[in-house]
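**Q** below are the sequence and a predicted model for it; my questions follow.
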Amino acid sequence: MVAILEAQPQPGTLVQVQGVGILLLGASGMGKSETALALLHEGHSLVADDLVCYSRQANALIGSAPAALRGKLHIRDLGVLEVANLFGAQAICPQCNIDLVVKLYLGASGTEENLTLPNQTSLPILQRPVPMFRIQHALQRPISLLLMTLVKQVQSLQQTEEMMAGKLAS
């Protein structure tokens, strides 16, 4: 029997982009739900909005929505959207692995930050470190496009690491 660890639901939004589970974190009003809405328009899936339930089975970290919020997306000024009614049932993913965490933040104007290097750390969830990236939220910044690009970048790095590991093993 596999042991399952669970935690209380936590604030955030969980989306699945090209098979990669991305947990969006940030202050209220930062644009997590709007980013999920933009990703839905691009054909990706919503797992959870506002609250995310976490569980861990073996080495997999799984995220899902509380039953009362499943399939719902809260958008400021539009209200609570029923995702299946707008995008079809395939736009809702009941659960997925949490592969990346993206923390949206407002940068102070006039501050100098390194704009060329990824702002990566890790965030432990249920005693498992998850790669975490910080992305500055600003008006007219296409966060959903940045997330789709981040997924491609991480997948490319993983492929390169696997290829190098294969060469070293030969």
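**A** Received, thanks.
**Q** which stretches of the protein form helices?
**A** Ranges of helices in the chain, per DSSP state H, are 32-41, 83-87, 143-169.
**Q** quick one: contacts for the residue nearest the centre of the chain?
**A** Residue closest to the mean C-alpha point of the chain, counted by Cα atoms, centre = their mean, is Ile22 at 1.9 Å. Applying Cβ atoms under 8 Å, 6 or more residues apart in numbering to Ile22 gives the contacts 14-16, 99-102, 147, 150-151. C-betas here are computed from N, CA, C, even on glycine.
**Q** let's see it at 6 Å
**A** By Cβ atoms under 6 Å, 6 or more residues apart in numbering, the contact list for Ile22 reads 15, 100, 102.
**Q** likewise for Arg134?
**A** So Arg134 contacts 103, 105, 119 (Cβ under 6 Å, 6+ apart).
**Q** one more: Gly12?
**A** Neighbours of Gly12 in contact, by Cβ under 6 Å, 6+ apart: 23-25, 52.
**Q** in this protein, which spans are strands?
**A** 4-11, 13-17, 20-25, 45-48, 51-57, 60-64, 72-75, 79-82, 95-97, 100-105, 120-125, 128-136 (DSSP state E).
**Q** for beta bridges, what are the partners of Pro131?
**A** Bridge pairing for Pro131 (DSSP bridges) gives the partners Ser122.
**Q** quick check, it in contact with Leu100.
**A** Yes: with contact defined as Cβ atoms under 6 Å, Pro131 reaches Leu100; the gap is 5.5 Å.
**Q** which one's more surrounded, the two?
**A** Set Pro131 next to Leu100 and count neighbours by other Cβ atoms under 10 Å: Leu100 wins out with 21 against 15.
**Q** measure the more buried one to Gly88 for me?
**A** Plainly put, Leu100 is 25 Å away from Gly88 if you go by Cβ to Cβ, to the nearest Å.
**Q** again, but for Ile143
**A** 23 Å.
**Q** pick out whichever of those two has more residues nearby.
**A** Shown here are Ile143 and Gly88; by other Cβ under 10 Å, Ile143 has more neighbours (22 against 10).
**Q** which residues touch that one?
**A** Counting by Cβ under 6 Å, 6+ apart, Ile143 has contacts Thr35.
**Q** what about Gly19, distance to Val151?
**A** 9 Å.
**Q** rewinding a little: closest one of the contacts of Gly12 to Leu69?
**A** Val52 (9.5 Å; Cβ to Cβ).
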